[in-house]
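**Student:** need a 3D model of the following:
(2 chains)
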Amino acid sequence: MMEAGNLNGVQTNASARLNRAPVGTTALHETAFFRDRDTFDALRETLLPRIIEANMRNRRLGIWCAGCSTGQEAYSIAMLLRENFADQLADWDVEIVATDLAGSAIEYARRGRYRRAEVNRGLPARMLVRCFVREGDEWEIVPELRAMCEFRKGDVCTQIAEPDVYDLVLMRNVLLFLPEQDRAAAFASVHRRLAAHGVLALGQAEQAEDSTDLFEAEYMDRCCFYRKTPAR
Amino acid sequence: MRALIVDDSRFMRAHLRQLLERMGVQCSEAADGCEALDALRAASTGFDFMLLDVNMPRMTGLECVKALRDSGLGDEMKVMMVTTESDNVFIESALGYGADEFLMKPFTADGLREKLAMMGLAA
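**Tutor:** Numbers count the residues shown, from 1 in each chain, chains lettered A, B, ... in the order given. All right, here's what the predicted structure looks like:
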């Protein structure tokens, strides 16, 4: 994932530049459709039904993919919603906002076209034929799903405009690339934008406890999510 | 876990066997659809899954998966097509004939592992 770097707007020393240097390289664009299947299973089976139930009154669902890289995670969420919650969300305002620091990754994501090696990773065949159209050597996400996702350049602390309050934030495999001092700022940014009942998903190798007390873990089957720590 | 690798390319069979054996899967091989059906009939214990090429002499992968599903042979066995074919219509046909998943060549070890996991096979 490609979210890192200038979280405080002031990073001028050499060590900060060194910390940020690898972030623009293609080596860090590691991503895949439905990466970490357990996370998506928990979203489908437990967390999204819970969020939808909580939002029945305002009929709005806001999802933020922070560090979206080349778009596979955002489109995976769009596919998951369409395949499993289409009827329930038929007249809802659903917005998936996806941000990344790398402009090239955002451009790639906006195109919504993927090569064989990319659709071979994590994407069930039935989903491929239902959600993508073959265009030469690439597969293009169908317009209906592309329209659900808005890709914007920015890091986790950038003001990313409306809706700016989210029910679900996915900030997966982003912390790994942040210097320790920036992790707390990243969590604070997510905390400000997360609805009271909202859920934060991190990468499978990441945890919040070492960097912040703003969130507490909710353990699910084979994975873990975070909620806002109740005010004391 | 046991797998039957069906491909007319000896090189591809060896490649798949190597990847699967690293995941702890026991492998048998067949060079076309006819050999695959013979192997299934002869097997004393069933296979958990089959990796099935498409373009093979005597009996193609599509013919094989159809014969397999029509006969009820290996009913519980998962079938994944592993092929250079990549047209959406073709993939839909394979799924319609009874294939469970589809992996396009060339593929990576991670791609193979992810597809197996999708079929509920924790290799």
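**Student:** please count neighbours and contacts with C-alpha atoms only from this point.
**Tutor:** Fine.
**Student:** and residue A:230, how many neighbours?
**Tutor:** 9 (other Cα atoms under 10 Å in any protein chain shown).
**Student:** also residue B:72?
**Tutor:** 10.
**Student:** residue B:41 too?
**Tutor:** Counted with other Cα under 10 Å, residue B:41 comes out at 13.
**Student:** same question, the one 10 residues further on
**Tutor:** Here the number of neighbours of residue B:51 (other Cα under 10 Å) works out to 23.
**Student:** same question for residue B:71.
**Tutor:** 10.
**Student:** any idea how far it lies from residue B:61?
**Tutor:** 15 Å (Cα to Cα, to the nearest Å).
**Student:** swap in residue A:202?
**Tutor:** Distance, residue A:202 to residue B:61, by Cα to Cα: 41 Å.
**Student:** how about residue B:108?
**Tutor:** With Cα to Cα as the criterion, residue B:108 and residue B:61 are 21 Å apart.
**Student:** the two: who's more crowded?
**Tutor:** For residue B:108 versus residue B:61, the count of surrounding residues by other Cα under 10 Å is larger for residue B:61: 26 against 15.
**Student:** now do the contacts for the more buried one.
**Tutor:** B:32-33, B:52-55, B:81 (Cα atoms under 8 Å, 6 or more residues apart in numbering or on different chains).
**Student:** could you do residue B:114 as well?
**Tutor:** A:121-122.
**Student:** then residue B:7?
**Tutor:** Residue B:7 neighbours (Cα under 8 Å, 6+ apart): B:13, B:29-32, B:52-54, B:56.
**Student:** quick one: low-confidence parts of chain A?
**Tutor:** A:1-29, A:159-163, A:232 (pLDDT under 70).
**Student:** let me know the distance separating the residue nearest to residue A:116 when sequence neighbours are not counted from residue B:85.
**Tutor:** Once flanking residues are discounted, residue A:116 sits nearest to residue A:138: 6.6 Å by Cα to Cα, 6 or more residues apart in numbering or on different chains. Note on residue A:138: its distance to residue B:85, by Cα to Cα, is 13 Å.
**Student:** show me the shaky parts of chain B.
**Tutor:** Using pLDDT under 70, chain B drops low at B:123.
**Student:** would you agree residue B:94 is in contact with residue B:62?
**Tutor:** Yes. Using Cα atoms under 8 Å, residue B:94 is in contact with residue B:62, at 6.3 Å.
**Student:** host element of the residue of chain B found nearest chain A?
**Tutor:** In chain B, no residue comes nearer to chain A than residue B:111, which is 5.0 Å away by Cα to the nearest Cα. Assigned by DSSP states H and E, residue B:111 belongs to helix B:109-118.
**Student:** fine by me, we can end here.
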